[in-house]
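In: With the sequence up front, the predicted model follows.
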Amino acid sequence: MNRGYTKKNYLDLVKKLRDKVANVVIGTDIIVGFPGETDDDFNETVDLAKKVQWKIGFVAMYSPRPGTAAWRIYPDDVPHSVKKKRWEILDKIINKDTMSERPKVV
């Protein structure tokens, strides 16, 4: 997805934040089933989720959007059933038991 950083860069940044800011809350947005996503790619995302321990995350299944670069360039080659299973796995890891812990939005 054309990210300009590596997993190591990201983990280093998270460590710096946690070392400098007490009780920092880190969240994420993740798209599962992006065209070309392999089982190994997904497992790397799972590993990252376990290491970072985001407090909240919005996990979405990829769906093609006409007019986007991904829609023009990549075929939607990850079956919906695989996307759904990956979504369930990540949502459980990231958002487990967080509903009661989330700050109230006013």
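Out: Perfect, thanks for sending it.
In: Contacts only, for the residue nearest the centre of the chain.
Out: Geometric centre of the chain, nearest residue: Ile30, 2.8 Å, by CA atoms, centre = their mean. Taking CB atoms under 8 Å, 6 or more residues apart in numbering, we find Ile30 in contact with 45, 49, 57-60, 90, 94. Yep, even glycine has a C-beta here, placed from its N, CA and C like the rest.
In: list the buried ones in the helix or strand encompassing it?
Out: Using DSSP states H and E, Ile30 sits in strand 27-32. The neighbour-count check on strand 27-32 (16 or more other CB atoms under 10 Å) flags 28, 30-32 as buried.
In: Next: stretch 26-46.
Out: 28, 30-34, 37, 42, 45.
In: Any stretches of this structure with poor pLDDT?
Out: For the chain, applying pLDDT under 70 flags the ranges 1-2, 97-106.
In: where along it do the strands fall?
Out: For the chain, applying DSSP state E gives strands covering 27-32, 56-61.
In: burial measure for Leu13, as a count.
Out: Leu13: 12 surrounding residues under other CB atoms under 10 Å.
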